[in-house]
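**Student:** sequence unknown, structure follows:
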């Protein structure tokens, strides 16, 4: 097992640490990659160490007999899980899936998007979307998904 992380609870704790690190420095791309990657991979740790051993595997009363069914459930229930999946896989394969940029301060990002006067990382989902549908603050997207995954892990006993 990697670096003494041996179960889903320990991996969930890693996600919590990575999220806290990101939220302490929301414009840091290294912290964003660490947080998005660990948030994404938590579902795999939950499947292998918690859900798969159940007979049958259940999440909030829904029976999920295969890993793919769990991923489909997450796509439908976890905020931005499909985007988290794209970002994590894009960072792994060195292929950014959405343009992004580091907004360095006041007046540099799209109007009405992001924290006021504070550097942050921007995700651009592209045209034809506009405004808050097109532009997302990376730390907010990652935080929403991570908090959902952390709560799910705790509910499942991890």
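**Tutor:** Noted; the coordinates are in hand. Treat the numbers as computed from the prediction; the structure is a model and nothing was measured.
**Student:** Heading C-terminal from the helix or strand of the chain with the lowest mean pLDDT, find the next helix or strand.
**Tutor:** Taking mean pLDDT, DSSP states H and E as the measure, the helices and strands of the chain show their lowest mean at strand 100-103, namely a mean of 62. Counting by DSSP states H and E, the next helix or strand C-terminal to strand 100-103 is strand 120-124.
**Student:** List the pairing partners of that following strand within its sheet, with orientation.
**Tutor:** Looking at strand 120-124 with DSSP bridges, its partner strands are strand 100-103 (antiparallel), strand 135-137 (antiparallel).
**Student:** How much space separates the closest residue to residue 58 other than its chain neighbours from residue 154?
**Tutor:** Using CB to CB, 6 or more residues apart in numbering and skipping the chain neighbours, the partner closest in space to residue 58 is residue 64 (7.0 Å). All C-beta spots, glycine's among them, are computed from the backbone N, C-alpha and C. With distances defined as CB to CB, to the nearest Å, the gap from residue 64 to residue 154 amounts to 18 Å.
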